[in-house]
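*Asks:* Have a look at this fold, sequence not included:
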Ligand SMILES: *[C@@H]1O[C@H](CO)[C@@H](O)[C@H](O)[C@H]1NC(C)=O
Ligand SMILES: *[C@@H]1O[C@H](CO)[C@@H](O)[C@H](O)[C@H]1NC(C)=O
């Protein structure tokens, strides 16, 4: 709650409060110019970013510096055991909160095209694991990177299809997001790099199947439909009731499940640990893949595969607090039926 209140205040107040809370944290110190420069150079090297002009570069550096100080302050709290996750420099650290929110909004998930005919029903005869991580069962492929294209929905959809290919058919497939971006268009409620939905993608695949990543590689922009063949097909798809416990049952009994979340604001500079984001809401704007769940230090969490590359978060994954319907994780869960 406290963070939410701070979030709504004007910038001067926020600055004042962060200075005060900074004073209360013994380990918290203003970064020296040398430290900022070192981090900035590493950032530029890692992200291979360059800017149009020196003016733009120095504006980006100023934003980066502000974010870096926030990361340092937050991590000092982590060291004191006051927060459950660490922040880190990511490829988004040169963006303001506002710009990150715009980037997320671009990949906006469409509403489900229509309520799916099928709803997940838990099998009462199966026990439900206390913890599960589908990465240990060969049901999750490597972490991909959507880049500038607002195509999170296609990555979330391929993720749960790859999971079912492995778990139901025993096939290790890597499936093509580009196939969905180019071919599963308006009639499925999708708009390429401007957003779409996982259910829309599944609906397309029930008719046409989907090609492999290798045969239909990722471009990071929408192009004309060039689907040649299909390496995987589904008969239908199912939605999961908007309830977190039902989602847990689905993850336990089905495998990786596609979900939508509100990805603003703390994912921008997420580093590791169990994310408790007091500022995210229920405006679903980002498609991701739940690949498991567990508990640590008294907190239950979801293990979530993102599509922001392997250098973001915990090798491309993040953990989100479970049991509080955090960031709307319970609202848009679905999966393919082979
Ligand atoms: C992103 O979308 C949300 C919900 O539609 C809106 O409230 C917010 O202002 C948008 N953010 C930006 C930066 O456009
Ligand atoms: C559960 O087990 C009972 C008794 O063996 C059986 O009749 C029922 O069909 C099973 N349910 C499912 C969903 O498999």
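*Replies:* In hand now; what should we look at? This is a predicted model, so every value here is computed, not measured. Ligands and ions are numbered 1, 2, ... in the order given.
*Asks:* where in the protein is pLDDT low?
*Replies:* Confidence mapping of the chain against pLDDT under 70 gives the ranges 1-28, 111-115.
*Asks:* After the lengthiest helix in it, which helix or strand is next?
*Replies:* Longest helix in the chain, counting residues (DSSP state H): helix 54-79. Next in sequence after helix 54-79, counting helices and strands by DSSP states H and E, comes strand 85-87.
*Asks:* does the nearest residue to residue 196 once chain neighbours are set aside belong to a helix or a strand, and which?
*Replies:* Closest residue to residue 196 apart from its sequence neighbours, by Cβ to Cβ, 6 or more residues apart in numbering: residue 190 at 3.2 Å. Quick note: C-beta positions are derived from backbone N, CA and C, even for glycine. Per DSSP H and E: residue 190 is located in neither a helix nor a strand.
*Asks:* Report all helices and strands that the longest helix of the chain contacts.
*Replies:* Judged by 3 or more Cβ pairs under 8 Å, 6 or more residues apart in numbering; DSSP states H and E, helix 54-79 is in contact with helix 11-24, helix 33-47, strand 85-87, strand 270-275.
*Asks:* Any residues of the chain in contact with ligand 1? List them.
*Replies:* With Cβ under 6 Å from any ligand atom as the criterion, the chain meets ligand 1 at residues 98, 101, 102, 105, 283.
*Asks:* Could you list which of those residues belong to helices?
*Replies:* 98, 101, 102, 105.
*Asks:* and of those residues, the nearest to residue 70?
*Replies:* Distance to residue 70 across these (Cβ to Cβ) is lowest for residue 98, with 14.6 Å.
*Asks:* Near the closest one, how many other residues are there?
*Replies:* Neighbours of residue 98 under the rule other Cβ atoms under 10 Å: 10.
*Asks:* What of residue 42?
*Replies:* Residue 42 - counted by other Cβ under 10 Å - has 11 other residues nearby.
*Asks:* Beta-bridge partners for the residue nearest to residue 284 when sequence neighbours are not counted, please?
*Replies:* Leaving aside its chain neighbours, residue 284 sits nearest to residue 260 (3.9 Å; criterion: Cβ to Cβ, 6+ apart). Following DSSP bridges, residue 260 is listed with bridge partners residue 287.
*Asks:* In contact with the closest residue to residue 244 other than its chain neighbours, which residues?
*Replies:* Leaving aside its chain neighbours, residue 244 sits nearest to residue 330 (4.6 Å; criterion: Cβ to Cβ, 6+ apart). Contacts here follow Cβ atoms under 8 Å, 6 or more residues apart in numbering; on that basis residue 330 touches 242, 243, 244, 247.
*Asks:* just residue 31 next, same as before
*Replies:* With contact taken as Cβ under 8 Å, 6+ apart, residue 31 is in contact with 65, 68, 69, 72.
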